[in-house]
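Undergrad: Need a 3D model of the sequence below.
(chains A, B, C, D and E)
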Amino acid sequence: MIFVPVLVINLILLVITILLSIADRLLVSYGECKITVYHEGESKEFSVDGGGFLLSELTSHGYNIPSSCAGKASCGFCKVQVQKGGGQILPTEEIFMSREEKLSGIRLSCQVKVKNDIDIFIPDFLTTVRGIVKNKTYDPKLRWRFIKDGQESFVPEKRLIKLDPRDETAVDAILDEFEGMRGSLVPILQRINTTFNYLPEPVLWRTAKRLHVPMSSIYRLATFYNAFSLEPKGKNIIKVCMGTSCYVKGGQRILDSMQNKLGVEVGGNTEDMNFTLETVSCIGCCGQSPVISVNDNIYGYFKPKMIDEVLHEYCKKELEKSQS
Amino acid sequence: MIAKNRAFPGGYRFKHFQGRPQDKLIKAAIPAMVTIPLMQGFGDEVAAVVGADDKVAAGQTIGRDDESISSPVHSSVNGKVVNIGKIDYLGNETTAITIESDGTEGWQSLEGCSAAWDNLSIEQIEKLVYLSGASGAGRDGIPTGFNSSIISPDEVENVIIHGVESEMFAVSSGLLLKDDNLSHFAEGTKILRKMLPHAAFSIALNSECKSLITDVSGALADNDWCDVRGLEPRYPADYDEVLVSAVLGREFPVGHLAANIGVIVLDIQAVLAVYDAVVAGKAVIERTIALAGPGFKENLHISARVGSPVQHIIDGMVKQDADLRFLRNSCLTGEALSDLSMPADRTCGAIIAVVEGNNREMFAFVRPGPRKDSYSRTFLSLLFGSEKITKLCETNLRGEERPCISCNYCVEVCPVSLMPHLLFRHVEREIIDEKLLKYGIYDCIECNLCTYVCPSKITLGQWIKDGKAKLIDEGLPCPQPKFALKGLEEDEDAK
Amino acid sequence: MKVIRSLLDKLYEVPGLQRYKPIIGAADAILYGTNETTHAAPHVVDNIDIKRYMSFVILALLPAVAASVYFFGFRVIAIIMVSYMAGGAVEVIFAMVGKHDIHEGFLITGLIFPLVLPPTCPLWVVAIGVVFGTMFGKEMFGGTGRNIFNPALVGRLFITIAFPAIMSANWQQPFDYSLETDATTVATPLGKYKSTAMAGEVNPTVVEFKEDEANKQVLFTSAAAVEKCTLNPESKFDGVKIYCVGNGAYKKAAKHKRIEESNLTRLFSYGDLLVGKEPGSMGETCRIVIILGGIFLMFAKVSNWRIPVSYLGTVFVLALVGHRFLPQDIAPPVFQIFAGGLMFGAMFMATDPITSPFTKAGKYCFGVSCGVLTVLIRSFTGYVEGVMFSIVIMNAFTPLIDQIVLMFKYRPAKT
Amino acid sequence: MFLKKYLGADGYKILKLGITRDHPIFAVGLGICSALAVSNTVANAIAMGAGVTFVLVATAVIISSLRSMIPQRARIITYMITIASFVIIVQMFLDAFSPTISEALGPYVALIITNCIIMGRAEAFYVTNGVRLSVIDAVSNGIAYTYTLVAIAVVREILGFGTLLGFQVTPDGWPKWVVMSMAPGAFFLLGVAIWISKTITEGGSEEEEE
Amino acid sequence: MTHAITIFIAAILTHNIALTYLLGMCPFVSLSRSTKTAFGMSVAVIFVVTLTAAINWPIYHLILVPTGSKLIYYIVFIIVIAATVQLVEMIMERFFPHLQSAFGIFLPLITVNCTVLAVSVLMVLRTYSYGMTLVFAFGSAVGWMLAIMIVAAINEKLKLVGNVPKGLQGAGIIMIIAGIIALAFLGFGGMVDVK
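TA: Next up, the predicted model:
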């Protein structure tokens, strides 16, 4: 008779599953919705099936919205300006917003459900991301604030765009390799990054020219992925996580002592070019916070006193490498 | 004619403080040197029209700017300009003209003045009022055709003339309206009426001086455009914000001036100055200044030339053996005068000398305190209402700063029905957002009464002021009132 | 005096005593006042300060203390001393660790707390109660002015629940010097009423005695009730025990021919209640000085009249209505107001500005709710007294009440 | 130190941190309900602690070994069914061997299902880690939970009943602190325990910095 | 009728699910930071608790008892609760978008709230009839709301006035506040009794 309960439970599960799937069909359908995106001075329209979240729809249509918590409203990165059709701001979003942002209709795209036609404006990555990188300060409230009128806004510095002939051949080699392949921009950048240890601006201009891609989209990718850097980098890249949970558990203290130990500011390289110190908003190990990563190795439950140990380890490796 | 009292919420009655000025007026000697700031009270800084080493006469215009909203300033003595330069005056850097006096008493009268002012045209009267500097009185000035206020004379709907001595130390209206001055005041009011023909006049006087009210209403008996009323001398009854709502029952435009709704608020000295200007052609070169507070040997009023150094005015009147703090105009909102060589300008109404209470008092808090004033009724002083036992007045903090205990004294005394402790708590904890706006932080008129009564010695007034500044930093300025405002474009143009 | 002054000045300098600075500072401030002056406008400030504010509460309490010493002997002084010492120690420790001044609020907690205790309360229980109250009710929230609950009541509540046997069983009969009797242990008026009302009929219209009803009990709560009751001339009242509330009912009943004096018991008289000859907590028995003290506080603007008036008014109205319909459960109004700790609670504890709403409407709401809860707990629960429960519960509700009142007061204007 | 040898460095670290710094109740604030409700006597606390530890370990084994097969959408439901099944086993075990404790625990055994510790660990750790580490983590969390419960229960039982594991430990005249056996006592003790533990851990980390 | 009133009052005052049974503490600690979220959460809890109790009672009495599978009622209850919450969320989103934005966002958090399961389990343990179950479920949820609203308002006040020691901030002080409130609520003891 032990089977009766098993039978019953399976029956109930079945009924519930059927009910849920019927409900899924009948209830959560909003028909086709039109999303209009204004970005970098251009507007683009596309249609999606309603019911999903804005973040996923945007991502699947080629807009890279930074998000590190994958839609749980806990990182607060995926901000877009919803101009029409986003509905009321939710209490879960409010904690990430400053007052001005709330007023100007900024929303977390992971919390906006697509139920009708939506007009959104995606703020320019170049100004915002670079602005953040430039400021190099971490403030959960400020981190996505728009640059206000009158404040100093980001102006790309005019630099000499000149390519070393030696580098030119290297770049051309990479570009030749990917000749004719579509959607190969990211792999190309990866290759460049590994070759030069960073993305030198002249190289990027060359790439843009050869691939007939606007420089702005290269910049967007270059600034979006943490793996890329526009500045020269050290051989080992130390990233201190400043995501919410790491920050709460003492990320700032780690960062401070790291800065003292290495004698560099965030974003700087040590003199011997061995280390680059960076901050990162989340490396997806919130369970082990506070976390730092060196290259691809993650050090969880990190404490300031562990710094020496880790640094020595990498110094030794570098030494061995140079000796061999 | 005597309208009934209207009340405002809260407020506090300061009764019988030691050092209240007597109804006695003396004349100060002509100072050897006067410094006349080119910005005095209302309006913009004016340009000097005399140069160094020029000879000037008392009453001669030495600074004037017809373009911006301002009123001219005059030399207050006969003598010679010795210097035109910047001075640090009341926290602002201001140009000032220093004049060396030759000691003579006389003054130069304005052209076109006439005892028979009825025969003068409105333009002539306006010119006299403007040129005399009387137009710079009050917070908004007296509107004339000469850009002397943010609104034009036609737009004035109400004029409030107040003589409510609500502060513990203020110039006595009884003294200002003594003898001849009463008729001068009545004449002055009529002149103003002629200048501002569309305006209704209200005169608010201390409701406790019944005889004064009867006298004034008698002097203005047959004029139906003017009503005289008594107002309980509760502090801050003489604030524009309070007067407008208490006397007229109109809503005050928060964050703006009374003139923006067509109301001009003047004090008695301003009306007398108008009379002097039109009838006698005398510019504003003299002020009646109260010497108040326990730091003076004798508390009386002194008539001094505008621009006299404070040191000169109080010379010989001050108690020598005490550590004193000199205040300008008010104990509650006035600035402390750190430099006594600074001049007393034409907005100066009182110089107050209070004793620095930096000595300890044995068992201070258990003393019955028949001479200790308090809003709470925990001191025996409340039993002694007579003039004979006056309340002490010194700068001792009388207690330590403590956390707020929500005793609600600040709420009870607030003349604009705010909750100062609530605002303070938000500002203290850096919660600067719409909540403060909702709780009406911009309604605060900064009368500092909440700080006065607070048993926990929290400087509520200062916190609220800080809160306003922080709100503006956050991009939340004062919301515009819902009713139409006057004179705003002119104001902006002037800027 | 100069000796003390120079001694204090020297103490500040001693390096070893730096940790005890709060104590020295407190002594200094009490003895000599302050020499600080105002920094900015207003240059002159009111003479009231927290010390005087708080000392007025103590002043208002002193008659009650004197009355309790008179009625319960010098043990009261010992209890008060223990309360001050134990609670003061907690206060000092927190001040030293938190490096802040010793705040004056404790002066009140230390005095109010013993006054709401039964006179027989053991000293160690007093110490536990006051330590708990000061620590959990006040210091954990940050000290005076920052607490949510009335610390004295939290302490009293804790020991009431923790030691029910000690706290609610032994009530000492106040010394009645005219009778020269020794201290005896009896029930409080509220307790007497509750037990008598539960056991028999209350204000019956007809009293009949039947053979099978042995030990029948009847309770009259007023002279009018005695009047109304048809004392059946045929019935005998030998076996019926008749209890009366107050002198009026007693006299009326005594006059009746058929009621024997031996059957008649007066539970208490209102006069005794008012003067303090009925048992109860130490400070709350002598109602007349409490009322005077309370009025004194209201006059001095230290406490606000809104809460006591609405509190007592609500109890009165509810008891008036309730007693009409449920005399078994709800005691008569005048008795309710004068019995137990209601007067003391309404005058001295509910009015605490820190733990009661600061909005006017909130104050009324607080008072009315306290009244409702008091009548509810007194009448329908296992507890005889409900004042402290109701005040602590309403302390908890205070922030919510204030929030709701502010929400209505500052409602965005409709456009 | 032999623990370190057996568990490996990472396992030892997880075990240590789970008991000290990442304490489920103090640091993360999980599982407070049952920590409050069943800590009135030591026996109940031990039974509950053992039950929770058992469910934790069993869930850790199941979830971490099946982690690649669990569909993303049905994650929570899977956890719940898994946990609930083991809770039923615990309930049956208690019913059979100690009916008194089972009665005392009442519905709280069933509520192990919604105990945030298990759900939280499953979501945060077991789905991403292997069986070995998951089990270590489960044990460490179970131990942390149990010792906290027992510590609170010791105080509550001694003060509230004058006994320890049912044996009288206080002198005869000892007045029982009735409040300690009721809900408020639990709240106060847990509050103080959180305070103490946070002060200690914060003090500790500050020392480390220096 | 009187019985229903008794159960209702008991569930709110004398046998409050948060203050006496100490249930639903995790959201109690985390969501009592602001009255707005506390209100949204507690309204959602009231709805879900009543609804799930209403669904679970017939399932228990009409399916599980007759088939002799009482043993697995925990599993069934928890599944039903999870499914109901999901279903409610969908329905709300479709038909009441305003409600969804105010309360719906709290629904996913409720699945693991022990109040919901506890009410269903208690209804079985206490053998309530259907009507009594509804009253009990509603009353329990209202009692929980009462408790969390009080604590949330106190927390907001503490934000303005409090100066809580560092280690006690957060969960610690909420425990102390809840303890004092529970202490005071003991005053209602003996008012009504539940079997």
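Undergrad: burial count for the residue of the stretch 301-415 of chain C found nearest chain A?
TA: Of all residues in the stretch 301-415 of chain C, the one sitting closest to chain A is residue C:412 (15.5 Å; Cβ to the nearest Cβ). Where you see a C-beta, it was placed from the backbone N, CA and C, and this is true even at glycine. For residue C:412, the count of nearby residues is 7 (other Cβ atoms under 10 Å in any protein chain shown).
Undergrad: Please tell me I have it right and it contacts residue B:440.
TA: No: with contact defined as Cβ atoms under 8 Å, residue C:412 does not count as touching residue B:440 (11.9 Å).
Undergrad: Contact partners for residue C:328?
TA: By Cβ atoms under 8 Å, 6 or more residues apart in numbering or on different chains, the residues touching residue C:328 are C:197-198, C:202.
Undergrad: For PyMOL, write a command that selects the buried ones of these.
TA: Only the buried entries of the contacts of residue C:328 go into this PyMOL selection, using 16 or more other Cβ atoms under 10 Å in any protein chain shown:
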select buried, chain C and resi 197+202
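Undergrad: from the contacts of residue C:328, which ones fall inside strands?
TA: Of the contacts of residue C:328, the ones assigned to strands by DSSP state E are residue C:202.
Undergrad: of all the contacts of residue C:328, which comes closest to chain B?
TA: Nearest to chain B among these, counting by Cβ to the nearest Cβ, is residue C:197 at 40.1 Å.
Undergrad: pLDDT value on that closest one, please?
TA: We have a pLDDT of 82 for residue C:197.
Undergrad: that older thread, can you count the residues close to the nearest residue to the residue of the stretch 301-415 of chain C closest to chain A once chain neighbours are set aside?
TA: Leaving aside its sequence neighbours, residue C:412 sits nearest to residue B:438 (Cβ to Cβ, 6 or more residues apart in numbering or on different chains; 7.3 Å). Burial measure for residue B:438: 14 neighbouring residues, criterion other Cβ under 10 Å.
Undergrad: Ok, the one 4 residues further on next?
TA: Burial of residue B:442, expressed as a neighbour count using other Cβ under 10 Å, amounts to 20.
Undergrad: Quick check: it is in a helix.
TA: Yes: looking at residue B:442 with DSSP: H, G, I helix; E, B strand; the rest coil, it is inside a helix.
Undergrad: Excluding covalently adjacent residues, which one is nearest to it?
TA: Nearest residue to residue B:442, sequence neighbours excluded (Cβ to Cβ, 6+ apart): residue B:478, at 4.3 Å.
Undergrad: pretty sure residue B:39 is touching residue B:48, no?
TA: No: in this structure residue B:39 lies outside contact range of residue B:48 using Cβ under 8 Å: 11.6 Å.
Undergrad: Quick check: neighbours shared by the two?
TA: In terms of Cβ under 8 Å, 6+ apart, residue B:39 and residue B:48 are both contacted by the residues residue B:95.
Undergrad: How about chain B: which residue is closest to chain A?
TA: Closest point on chain B to chain A, by Cβ to the nearest Cβ, is residue B:433, at 5.9 Å.
Undergrad: ok, that residue to residue B:427 distance?
TA: Going from residue B:433 to residue B:427 by Cβ to Cβ, to the nearest Å gives 11 Å.
Undergrad: With neighbour numbers in mind, choose between the two.
TA: Counted by other Cβ under 10 Å, residue B:433 and residue B:427 do not tie: residue B:427 has more neighbours, with 23 against 14.
Undergrad: Are we agreed that the more buried one is in a helix?
TA: Yes: counting by three-state DSSP, residue B:427 is part of a helix.
Undergrad: any idea of the pLDDT on the residue lying closest to residue B:477 once chain neighbours are set aside?
TA: Sequence neighbours aside, residue B:471 is the residue nearest to residue B:477 in space, at 7.4 Å (criterion: Cβ to Cβ, 6+ apart). Note on residue B:471: pLDDT of 87.
Undergrad: And the top helix by length along chain B, what's buried?
TA: Ordering each helix of chain B by length in residues (DSSP state H) puts helix B:180-195 first. Neighbour counts using 16+ other Cβ under 10 Å place B:181-182, B:184-195 of helix B:180-195 among the buried residues.
Undergrad: Pick the one among the residues you listed closest to residue B:311.
TA: Nearest to residue B:311 out of the buried residues of helix B:180-195 is residue B:181 (Cβ to Cβ; 28.1 Å).
Undergrad: Does that closest one touch residue B:273 like I think?
TA: No: the criterion here is Cβ under 8 Å, and residue B:181 misses it with residue B:273 at 11.6 Å.
Undergrad: So which elements touch the top helix by length along chain A?
TA: Longest helix of chain A, by residue count under DSSP H: helix A:3-26. Judged by 3 or more Cβ pairs under 8 Å, 6 or more residues apart in numbering or on different chains; DSSP states H and E, helix A:3-26 is in contact with helix E:73-95.
Undergrad: Perfect, I'm done here.
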